[in-house]
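Chemist: just coords:
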């Protein structure tokens, strides 16, 4: 069984930054590709960013490109981060991390095999 855990959410003001972290653990033999998604009440789950197994490939949703940065942890395998800068009220959502034992950076949520429980990010204006 593989467990995915997110951390780092919270309440911030517009213009602030947050860094979310995600780790995959358990019966995990491979290095994973990861994706970040978010979901607001009444809306569909939205792709934000993805990173390939070796970190060389990244992809972003247009609205967060330039503000959000996904990266792999240099020290710990299967840990990724999402640095979020200049947060806006519309970034308020539950943020989910997803993992897949694969090579590329995948943007479609149905592609991923394992999901975390989500972490709440609330941005006050």
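Modeler: Noted; the coordinates are in hand. Remember, it's a predicted structure, so these values are computed and weren't measured experimentally. Numbers count the residues shown, from 1 in each chain.
Chemist: use CA for all of it now, contacts and neighbours both
Modeler: OK.
Chemist: From the centroid of the protein, which residue is nearest?
Modeler: The centroid of the chain falls nearest to residue 36 when counting by Cα atoms, centre = their mean (2.6 Å).
Chemist: contacting residues around that residue?
Modeler: 47-50, 82, 95-98 (Cα atoms under 8 Å, 6 or more residues apart in numbering).
Chemist: Same question for residue 6.
Modeler: Contacts of residue 6 (Cα under 8 Å, 6+ apart): 20-23, 96-97, 116-119.
Chemist: returning to that earlier point: specify the beta-bridge partners of the residue nearest to the centre of the chain.
Modeler: Beta bridges link residue 36 to residue 49, residue 97, judged by DSSP bridges.
Chemist: So it versus residue 125, what's the distance?
Modeler: As defined by Cα to Cα, to the nearest Å, residue 36 lies at a distance of 23 Å from residue 125.
Chemist: got it, and residue 104?
Modeler: 36 Å.
Chemist: how about CSV for the contacts of residue 36, with pLDDT and neighbour count added?
Modeler: Formatted as CSV, those follow (pLDDT from 0 to 100; neighbours: other Cα atoms under 10 Å):
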residue, pLDDT, neighbour count
47, 98, 22
48, 98, 23
49, 98, 25
50, 98, 30
82, 98, 22
95, 98, 26
96, 98, 26
97, 98, 30
98, 97, 28
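Chemist: Reformat these as TSV; add distance to residue 15.
Modeler: Converted to TSV, the contacts of residue 36 look like this (distance: Cα to Cα, whole Å):
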residue	distance to residue 15
47	21
48	18
49	20
50	23
82	16
95	18
96	21
97	23
98	26
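Chemist: if we can go back for a sec, of the contacts of residue 6, select the buried ones using a PyMOL command.
Modeler: A single PyMOL command selects the buried members of those (16 or more other Cα atoms under 10 Å):
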select buried, resi 20+21+22+23+96+97+116+118+119
